[in-house]
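> Predicted structure and sequence below. I'll ask about it afterward.
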Amino acid sequence: QVQLVESGGGLVQAGGSLRLSCAASGSFLRINFWAWYRQAPGKQRDLVATINREGSITYADSVKGRCTISNDNAKNTVYLALNSLKPEDTAVYYCYTGYTKTIGMTPTASWGQGTQVTVSS
């Protein structure tokens, strides 16, 4: 099982920026993709951004142009830079990764514990 630890959340004023990090640890062969989700109070968990091993990236329309996902394979870490933050970006942000534990095993996935991002108006 891969363990994911997020960091970088906090309280920021509207228009500000934050950079979230998520580091993977444990025993695994390779990370296949990374994703960031967010969940606002009383709402469903929504996909924010993804990046796969080939470097292909997707963004939700709600953050496109204000968000950059990147990863460092050597550190098994993914980042999410959020700019021009709005109060509606307030949510718990979760890291999610799909990985292969060993050769021949079906890929699986893990969630991080989440990090709170609060944007004040």
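Nice, I can see it.

> contacting residues around the most centrally placed residue in the chain?
Closest residue to the average C-alpha location of the chain: residue 36 at 2.7 Å, with Cα atoms, centre = their mean. Contacts of residue 36 were listed using Cβ atoms under 8 Å, 6 or more residues apart in numbering, and they are 20, 22, 47-50, 69, 78, 80, 93-96. Every C-beta, even on glycine, is put in place using the N, C-alpha and C of the backbone.

> and it, which of the three is it?
strand (DSSP: H, G, I helix; E, B strand; the rest coil).

> So what sits opposite it in the bridge?
With DSSP bridges as the criterion, residue 36 is bridged to residue 49, residue 95.

> For the chain, list the residue farthest from the centre, please.
What lies farthest from the middle of the chain is residue 104; by Cα atoms, centre = their mean that is 26.8 Å.

> Surely it forms part of a strand?
No. Using three-state DSSP, the assignment for residue 104 is coil, not a strand.

> what does the model give it for pLDDT?
In this model, residue 104 is scored at 87, pLDDT.

> how close does it get to residue 110?
Distance, residue 104 to residue 110, by Cβ to Cβ, to the nearest Å: 19 Å.
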